[in-house]
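**Student:** For reference, the sequence and a predicted model appear below.
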Amino acid sequence: MGTMWQLDLSRAGKSKYRALANALRKGIADGVLAKGSKLPPVRDLAYRTSVTPGTVARAYSLLIDEGLLEAGVGRGTFVADTQVTPQAPSEWPETVSFRSPWLPDVGQTELMRDALRTVAEGANTRSLMRYPNDADDRPLRDTMRAHLAGLPIGNFEADDIVLAHGAQNAMLAVLQTVLDGPDPVVLVEQHAYPGFRRAAELCRARVVAIECDDEGARPDLLQEAIRRHRAQVFLTSAEVNNPTLRRTTPRRRREIASVARRYNLHVVDDDCYKLTPASAESYRALLPDLGWYVSSLSKSLTPSLRVGWVIGPRRRSKELSRTVSFACFGLARPLTDITNAVLSDPRLPDILQQTRATLAERVRLAVNHLGGHDVTWHEDVPFLWISLPGGWRASRFVRAAQARGVLLKSSEDFVLRDNRAPHSVRMAINAQIATGCFEKAVDTIRDLLDNPQDDISV
C-alpha cells in the first residue's frame, strides 16, 4: 500500500483531484486498499503527492459521495466496509432547491452530537435554571476572540463582541441601537440581501438604494442620498455582495469611509458569505467610531447554530449589549456552551477546509455545465449570479425552472420594490444532494438558458 501514496500527479493538469480519485478507486477495486483500511490524513497525503490539501479533500469528498469512502470525524477517512450504492436517480428528490446554500455534512453532525453530549454531561445545573448573564457567555466570547484573530477588522477584545441569534438578529440589534428620530433612513446597495430591507422595515425605517459600479457603491451618490434623506446607516457586504458577488475594492472602501466620517454615517458590514480570508480592511477598521462588523456560523459551518455576533465601536458595545438584552435576554447558556465546544474542537479546522473544498467543487461543476452563458462566480462563494439571455425575464425564468423541479431566486428578490430588477437569477449551491442529482438540476437550468421563450419580449 505504500506505493499507493507516491502518486505522480504532476501531469494531471487542472483535474488533479480527479486523477487522485481515480487512483483511489483503482486501489479499492484491485484490493490494494482493503475494506476498512485507513487513508492518510488530508495534509499528509497532500505532502506525499505534492498537491494542495484542498485537492485531497475534494478527492476524498467525491469518493465519500460515491460511497467508496466513509469519514469518521476524529478518526479519519476509511475505505467503506460495506460499499454504499450511490443514490440512484429514482431516489433523487422531485424538487431541488438552489434558493439558499446547503452546506455539505463533512463531520458537522458528529461534531454537534459530541458537543451536545459534552455540554449535557458537564453542565452546571444552576445555569439551567436561570436567565443568561454576561458571565455565562464570557467563555464563548473568549474563544471567539481567538477564532476571529487576524481578521482585518481593527483592534478588539472579548468585551467588544456582542452575541445574537444569528447575523440577521445582530444586524437588527445594531439598527435598533443607532437609529433615532421620527423618519429614520437606511441606505443599501441597488442589489442587496433582502434581509437588510426587512431589518430596516422592522425599525420603521425607510430604505433608499444606492447605485453601484464595478468597484462598489458610488461615493458621490452615497453622499447625495445622505444629504437628501438625512440617512443614518449604510448596510453593505463589502466582501461578497449578495447576489452579484461583487467585492467592494479597497480604494472604494476608503472613499465610502471618508464620506461616512464626514456625515457621521454608520456603516454595517455583513460578512457571512466569504469562506476564505478577507481581501481588504473592513469598515470596522476604517471607521473605528462608526463601523460595525457582523457575521455568523450559518454559512460556513452549520445553520443549526443560530449564533451571530457584532463587533462595533468600543464606545457603543455596552449600549448594543443592552439592546440585545432588552430584546431577548441574551443567548441561553446551553447554546453558548455548545457553540464554545464546537469552536474549541480540534477537528474544526479540517471540517471547515473540507466544507470549503466541497462547495468549491460544486461551484466549478455548475460553471462547467453552464459554460457559454454569462455567469458570475467565485470558488469561495456558495452561489452564482446568472445573467439571462434575451427572451427571458427573471420572474418567468424562475417559474419555468420551478415547473421542472428546480428552485432559484429571482433578481426581483434583491431590489427595492420601486427599483428596476435586472434579467438575472441567483443559484445557490446545494451540497446535500448526490453529485448526479446536482448535475441534472444544473442541466435543467442550462436547457432553459439555451431555449428562451419566444413569447417573452426582452
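**Tutor:** On my side now, so go ahead. Everything numeric here is computed off the predicted structure, so don't read it as measured data. Residues are numbered from 1 along each chain as shown.
**Student:** ok, Asp345 - contacts?
**Tutor:** Leu111, Asp114, Ala115 (Cβ atoms under 8 Å, 6 or more residues apart in numbering). For glycine as for every other residue, the C-beta is placed from the backbone atoms N, C-alpha and C.
**Student:** Just the ones of the residues you listed in helices?
**Tutor:** Judged by DSSP state H, the contacts of Asp345 include Leu111, Asp114, Ala115 as members of helices.
**Student:** which among those residues end up buried?
**Tutor:** Leu111, Asp114, Ala115 (16 or more other Cβ atoms under 10 Å).
**Student:** pLDDT and distance to Ala360 added to those residues, as JSON lines?
**Tutor:** Shown next, in JSON lines, are these (pLDDT from 0 to 100; distance: Cβ to Cβ, whole Å):
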{"residue": "Leu111", "pLDDT": "90", "distance to Ala360": "21"}
{"residue": "Asp114", "pLDDT": "91", "distance to Ala360": "26"}
{"residue": "Ala115", "pLDDT": "92", "distance to Ala360": "26"}
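**Student:** Make JSON lines from those residues and add distance to Lys16 to it.
**Tutor:** Putting these into JSON lines (distance: Cβ to Cβ, whole Å) gives the following:
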{"residue": "Leu111", "distance to Lys16": "28"}
{"residue": "Asp114", "distance to Lys16": "33"}
{"residue": "Ala115", "distance to Lys16": "34"}
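**Student:** For Arg254, state which of those is nearest.
**Tutor:** Checking those against Arg254 by Cβ to Cβ gives Leu111 as the nearest, at 39.2 Å.
**Student:** low-confidence ranges in the stretch 201-350 of the chain?
**Tutor:** For the stretch 201-350 of the chain, applying pLDDT under 70 flags no range at all.
**Student:** residue boundaries of the strands in it?
**Tutor:** 206-210, 212-213, 216-217, 233-236, 266-270, 291-296, 308-311 (DSSP state E, counting those that start in this stretch).
**Student:** what does the fourth one contact?
**Tutor:** In this structure, residues lying in contact with strand 233-236 by Cβ under 8 Å, 6+ apart are 171, 174-175, 178-179, 184, 186-189, 192, 196, 199-200, 205, 210, 216-217, 222, 248, 256, 260, 265-270, 283.
**Student:** now swap in the third one and tell me
**Tutor:** By Cβ under 8 Å, 6+ apart, the list of residues contacting strand 216-217 from outside reads 189, 210-211, 234, 236, 238, 241, 246-249, 252-253, 256.
**Student:** redo that, cut-off 10 Å
**Tutor:** 187-190, 192, 209-211, 222, 225, 234, 236, 238, 241, 246-249, 251-253, 255-256, 259 (Cβ atoms under 10 Å, 6 or more residues apart in numbering).
**Student:** Might you report the residue contacts of the nearest residue to Ala115 once chain neighbours are set aside?
**Tutor:** The shortest distance from Ala115 to any residue other than its chain neighbours is 3.8 Å, reached at Ala341 (Cβ to Cβ, 6 or more residues apart in numbering). For Ala341, the contact set (Cβ under 10 Å, 6+ apart) comprises Leu111, Met112, Asp114, Ala115, Leu116, Arg117, Thr118, Val119, Gly122, Pro139, Leu140, Thr143.
**Student:** again, only this time at 7 Å
**Tutor:** Ala115, Thr118, Val119 (Cβ atoms under 7 Å, 6 or more residues apart in numbering).
**Student:** What is the nearest of those residues to Leu449?
**Tutor:** Nearest to Leu449 out of those is Ala115 (Cβ to Cβ; 42.8 Å).
**Student:** Val342 is in contact with that closest one, correct?
**Tutor:** Yes - applying Cβ atoms under 7 Å as the test, Ala115 and Val342 come out as touching, 5.0 Å apart.
**Student:** How far does stretch 195-202 sit from its chain's centre?
**Tutor:** Relative to the centre of its chain, stretch 195-202 is centred 20 Å away, using Cα atoms, centre = their mean, to the nearest Å.
**Student:** What residues sit buried inside it?
**Tutor:** Residues of stretch 195-202 classed as buried: Gly195, Phe196, Arg197, Ala199, Ala200 (neighbour count, 16+ other Cβ under 10 Å).
**Student:** Leu286 and Glu439, how far apart?
**Tutor:** Relative to Glu439, Leu286 is positioned 42 Å away (Cβ to Cβ, to the nearest Å).
**Student:** neighbour-wise, which of those two wins?
**Tutor:** Legend: neighbour count by other Cβ atoms under 10 Å for Leu286 and Glu439, higher for Leu286 (24 against 17).
**Student:** What number of residues are in the vicinity of the closest residue to the more buried one other than its chain neighbours?
**Tutor:** Nearest non-adjacent residue to Leu286, counting by Cβ to Cβ, 6+ apart: Ala257, 4.0 Å away. Neighbours of Ala257 under the rule other Cβ under 10 Å: 20.
**Student:** Show the contacting residues for Ala257.
**Tutor:** When contacts are taken as Cβ under 7 Å, 6+ apart, Ala257 is in contact with Tyr283, Leu286, Leu287.
**Student:** Surely the second one is in contact with Arg252?
**Tutor:** No - here Leu286 lies out of contact with Arg252, judged by Cβ under 7 Å, at a distance of 11.2 Å.
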